[in-house]
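Novice: Requesting a structural model of the entry that follows:
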Amino acid sequence: MLSRCMALRLFGLALLTLGVAPGARADSVLDRYDAALTAYREGRYAEAVAAARAFTERDLEALRVHWFERTGDSAPRANGGDPRRLRLAAMLHLEAAFATYQERLNTHDAPAPAAADWLDDARLASRLRPSGAGATHLSIGLGLVALVESPRSPPESFRRRWYLAAAMHFHSHAQTFTAHGVLATALESFPDDGPLLLESGELAESEATAGASPTYTRMMEGLVRAQAARLAALAHAEKQLRLAVAVDDTLVEARVRLGRVLTEAGRPGEAARELEAALAAEPRPYLVYLAQLFLGDVHQRGGRLQEAVACYRAAIDAYPLGQAARTALAHALHRQGDHEAAFETVRASLALEFEGGRADPWWAYGLSQLRPFDVLLVSLREEARQ
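Specialist: Residues are numbered from 1 along each chain as shown. Coordinates of the predicted model:
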């Protein structure tokens, strides 16, 4: 079985080797392509993406010829080289890839894999790994965005934010293999970028802690390799999150996540120190909520129920709509023998009313959605249209 490192290298080769088959350019394809780019530039995003997704594999190959040329063994060189057109096309292909991958993931016509075959099931892998039109759109987008700016672009560059948006989206939509590939490519150019390192750590953390799902736990029961994979993912998450904190100590979320990773790795003392350091930075309420929730878990696992109750109450004070903290508080109170208080806590949780899209930050914690992906996407769209 290929190692993750080798798999990611193959991913990069598959997506970034933009070979061109000989053949004439199809004017009709380029006309439709120009129309799609015009629609995107004018803010008609759904129309533009639908037009891009209507291209066949043969059409997309013609677009490769349009954009890229090779001279011997040299790297691909963009046809035209206009940075504005490169940005516009990079965004169009990225959003087409988003839509295509999501459609494939939502396809339920294949029978569900048996529990013991879950990790190796080819049907599932074919829906999660890069192939077909989605991968082709992503490969073209990766090639174009790499030509927009120099490899050492500044942190707020279009290229770096494009990578981050791609990784965040694929992570939040369960396309973990693709997200790993995008991040591996991004970190080659931006090895010391805090948000990219944070996203890489988040991705490994979500893989390592997927066992919190009872269904997943049953499927993985008795598989030694699953535990080994979990420990490896925790180690990778710790490494990436520590790097993120080292390069940017304002990334409080990285420290909060590091605390949880250390808890899952069985190192509660280190976890508590990281979570307390995060709280000392006086972060935004949703991060206070998560830090207190995780610190309460550290105390509860250690049998310190009084301290756990105090942390859960502090979490609720910071973010009153947090149901996870109320549930944890009820459990700790029940273990203390205060059954009436536990019941009242549960009843208050059920009575919560969520307004304006606000909800428990824990619900989105594993989906790379604590940071505003929508805001990032809007900024990329606007910059591409300029």
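Novice: So for stretch 146-166, what gets flagged as buried?
Specialist: 146-149, 157-166 (16 or more other Cβ atoms under 10 Å). C-beta: built from backbone N, CA, C; applies to glycine.
Novice: can you pull out the strands in the chain?
Specialist: Secondary structure of the chain by DSSP state E: the strands cover 68-69, 77-78.
Novice: Of those, which shows the lowest average pLDDT?
Specialist: With a mean of 52, strand 77-78 has the lowest mean pLDDT of those.
Novice: circling back: what about the buried residues of stretch 146-166, which are in helices?
Specialist: 146-148, 158-166 (DSSP state H).
Novice: Adding pLDDT and distance to A54, write those out as TSV.
Specialist: Shown next, in TSV, are those (pLDDT from 0 to 100; distance: Cβ to Cβ, whole Å):
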residue	pLDDT	distance to A54
A146	87	26
L147	85	25
V148	83	25
F158	92	26
R159	92	27
R160	92	30
R161	92	27
W162	95	23
Y163	94	26
L164	94	28
A165	94	23
A166	94	22
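Novice: for the stretch 251-386 of the chain, which spans come out with low pLDDT?
Specialist: 354-358, 368-371 (pLDDT under 70).
Novice: tally of neighbours for E382?
Specialist: Using other Cβ atoms under 10 Å, E382 has 10 neighbouring residues.
Novice: Quick one: residues contacting L88.
Specialist: 37, 40-41, 384-385 (Cβ atoms under 8 Å, 6 or more residues apart in numbering).
Novice: Pull out the buried members of the residues you listed.
Specialist: Buried among the contacts of L88 (16+ other Cβ under 10 Å): 37, 40-41, 384.
Novice: Could you pull out the helices in the stretch 101-250 of the chain for me?
Specialist: 122-128, 132-148, 158-172, 176-189, 194-208, 214-220, 224-247 (DSSP state H, counting those that start in this stretch).
Novice: wait, I meant the stretch 251-386 of the chain
Specialist: For the stretch 251-386 of the chain, the helices defined by DSSP H, counting those that start in this stretch cover 252-264, 268-280, 285-301, 305-318, 323-336, 339-350, 361-364, 373-385.
Novice: Which stretch among these is buried most, on average?
Specialist: Comparing the helices of the stretch 251-386 of the chain by mean neighbour count (mean count of other Cβ atoms under 10 Å), helix 252-264 ranks first with a mean of 26.
Novice: Convert the C-alpha atoms of it to CSV, please.
Specialist: Taking Å, rounded to 0.1, in the frame of the first residue of the first chain, the C-alpha atoms of helix 252-264 are listed here in CSV:
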residue,chain,number,x,y,z
VAL,A,252,-5.7,31.1,18.7
GLU,A,253,-7.8,28.4,16.9
ALA,A,254,-4.6,26.5,16.2
ARG,A,255,-3.8,26.4,19.9
VAL,A,256,-7.3,25.3,20.7
ARG,A,257,-7.2,22.5,18.2
LEU,A,258,-3.7,21.5,19.5
GLY,A,259,-5.2,21.2,23.0
ARG,A,260,-7.9,18.8,21.7
VAL,A,261,-5.4,16.8,19.7
LEU,A,262,-3.1,16.4,22.7
THR,A,263,-6.2,15.2,24.8
GLU,A,264,-7.0,12.6,22.2
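Novice: Okay then, goodbye and thanks.
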